[in-house]
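Asks: Mind looking at a prediction? Sequence and model below.
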Amino acid sequence: MVEVEDVLSRLRRYPDVEAVNLYAVDAADRLLLDVAADSLAAAGSGRVAVIDDGYGALTLGAIAAHDLREVRVHQDLLTGEQALANNARLVGLSDRYVAHELGRGLLENVRVVLLRLPRALSGLAEIADAIARYADPQVEVFAGGRDKYLTPAMNEVLAESFDSVRASRGRQKSRVLLATDPKTPAAPPFPVRNRLEDRELDVVAHGAAFSGSRLDIGTRFLLDYLQRMKPDAREAIDLGCGTGILAVALAKARPGLRVTATDQSAAAVASTRATAEANAVAGRVTVVRDDAMSTVPDHSADLVLCNPPFHVGAAVHTGSAIKMFQQTGRVLRPGGELWTVYNTHLNYRGVMERMVGRTEVIGRNRKFTVTRSVRGLHDSSTFDSGFDDGR
């Protein structure tokens, strides 16, 4: 039998960002495994689901501790899926779990769910509804996280789908919420749809998609410059597409342009596909679940649009944005353009100069900066780890 601590000590975050202050397993993972231990042992193989496991600590820890098989897993982020697969191979447990989309196949007849609480309450609401809708009526949901990211609103969201929600005792600044007695679900609350009248655009959003069905203020600011973005572009990419607003707006404005929308979030990809269909441009917007354009060929795009994140999971960290800029330098053709909107205090201009090319500020308001970077004739995609992210 595999030793749990041996498994947890060997986990890596790769291919996600790795840094000295970012971890593949934390105190919340360990607390979840401990609090749920008796229920996991009683549930047995084929009756356990794990949702939004960061890098495999919950899945592989539960398998190792209780010799489980047929564990069902759903991770919204592709890097989480890939890290779990890499770690499972490393410890010899690849055949013990199966990945699923969020839905019936993941949850039907499941008695125990281990869940890392997502940052977005709407994401938690969609997960809770799915569990109540499809899992065994006796299901126990163990939802955990670090204290600094937990809010009373999470209890309230879980209470919309479960009659009983209570908290465990805290340990090492972590806590677990236990939800039982699922309520009879009404009509599925997701995806939601919203009409942006001033943009003549319909947005469709699943729970975990960034900003939901609203138009976030950074994307709104970038959209103001849509007509100025490389008028002769033939292929464009919406990098980190979220609900697909940028991709769809570009496709509607330029019927001859081929647009690819890419995001590592399963919820974002599903939302973008639905948004493209709702706006009658599904035939001209290709949607790909990908990690920072890793599968896109070199020098294959004329235009990249990006509203980069400044979080890696729950931690404030610029590593994901830097990875996006690095890949953009590789993907753009000479003369191609990257248009970016970002929180002004992050001061990304220098890193875009190094990784993409000549960068100029096009617009700035009280919170955001819009820049245009032009890919030079020489390769600008070398990673420069000297970027000062303020840590």
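Replies: Structure's in. What do you need?
Asks: quick one: terminal-to-terminal distance for stretch 287-298?
Replies: Start-to-end span of stretch 287-298 (C-alpha to C-alpha, to the nearest Å) is 18 Å.
Asks: buried ones in that stretch?
Replies: With burial defined by 16 or more other C-beta atoms under 10 Å, the residues of stretch 287-298 counted as buried are 287, 288, 289, 290, 291, 292, 293, 294, 296. The C-beta positions use only the backbone N, C-alpha and C, and glycine is treated the same way.
Asks: same deal with stretch 274-289?
Replies: Neighbour counts over stretch 274-289 (16+ other C-beta under 10 Å) mark 274-279, 281-282, 284-285, 287-289 as buried.
Asks: Do me a favour and get the end-to-end distance for it?
Replies: End residues of stretch 274-289 are separated by 14 Å (C-alpha to C-alpha).
Asks: Rounded mean pLDDT for that stretch, please.
Replies: Mean per-residue pLDDT for stretch 274-289: 97.
Asks: what does that stretch rub up against?
Replies: Outside stretch 274-289, the residues within contact range by C-beta atoms under 8 Å, 6 or more residues apart in numbering are 78, 191, 193, 201-205, 241, 243-245, 247-248, 251-252, 255, 257-266, 269, 272-273, 295.
Asks: quick check: domain ranges of this structure?
Replies: 4-182, 192-375 (automatic domain parsing).
Asks: In helices only, show me the contacts of stretch 274-289.
Replies: With helices taken from DSSP state H, the overlap with the contacts of stretch 274-289 comprises 78, 245, 247, 248, 251, 252, 266, 269, 272, 273.
Asks: which residues of the chain fall in helices?
Replies: Assigned by DSSP H, the helices in the chain fall at 4-9, 27-35, 37-43, 57-66, 78-91, 104-107, 121-134, 152-159, 217-223, 245-253, 266-278, 319-331, 349-355.
Asks: what's the average pLDDT for the second one?
Replies: The predicted model gives helix 27-35 an average pLDDT of 97.
Asks: what distance separates it from the middle of the whole chain?
Replies: Centre-to-centre, helix 27-35 and its host chain are 22 Å apart (C-alpha atoms, centre = their mean, to the nearest Å).
Asks: between that helix and helix 57-66, how big is the angle?
Replies: 30 degrees (axes from the mean of the first three to the mean of the last three C-alpha atoms, to 10 degrees).
Asks: Show me what helix 27-35 is in contact with.
Replies: In this structure, residues lying in contact with helix 27-35 by C-beta under 8 Å, 6+ apart are 4, 8, 40, 54, 57-58, 61-62, 65, 114, 116, 142, 144-146, 168, 171-176, 178.
Asks: which stretches of the stretch 151-300 of the chain form strands?
Replies: In order along the chain, the stretch 151-300 of the chain carries the following strands (DSSP state E, counting those that start in this stretch): 162-167, 174-182, 192-196, 201-205, 235-239, 258-263, 285-289.
Asks: so which of those strands comes closest to residue 218?
Replies: strand 235-239 (13.6 Å; C-beta to C-beta).
Asks: partners of the closest one in the sheet?
Replies: Counting by DSSP bridges, the strands paired with strand 235-239 are strand 258-263 (parallel), strand 301-306 (parallel).
Asks: average pLDDT for the first one?
Replies: For strand 258-263, the mean pLDDT works out to 97.
Asks: circling back to that earlier point, closest one to residue 231 among the helices of the chain?
Replies: Nearest to residue 231, of all these, is helix 245-253, at 10.7 Å by C-beta to C-beta.
Asks: on that earlier part again, any chance of CSV for the strands paired with strand 235-239, columns distance to residue 342 and mean neighbour count?
Replies: Shown next, in CSV, are these (distance: least, C-beta to C-beta, whole Å; neighbours: other C-beta atoms under 10 Å):
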stretch, distance to residue 342, mean neighbour count
strand 258-263, 17, 25
strand 301-306, 9, 26
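Asks: between those strands, which gets nearest to residue 356?
Replies: Residue 356 sits nearest to strand 301-306 of all the strands paired with strand 235-239, at 8.7 Å, using C-beta to C-beta.
Asks: number of nearby residues for the spatially closest residue to residue 356 that is not a sequence neighbour?
Replies: Using C-beta to C-beta, 6 or more residues apart in numbering and skipping the chain neighbours, the partner closest in space to residue 356 is residue 373 (4.1 Å). Residue 373 is flanked by 27 other residues according to other C-beta atoms under 10 Å.
Asks: So residue 373 sits against residue 362, correct?
Replies: No - the pair formed by residue 373 and residue 362 falls short of the contact definition of C-beta atoms under 8 Å, at 10.3 Å.
Asks: if I look at those two, which residues touch both of them?
Replies: By C-beta under 8 Å, 6+ apart, residue 373 and residue 362 have these common neighbours: residue 339.
Asks: longest strand of this structure?
Replies: strand 332-343 (DSSP state E).
Asks: and the angle for that strand with helix 245-253?
Replies: On the basis of the same axes, to 10 degrees, strand 332-343 is oriented at 120 degrees to helix 245-253.
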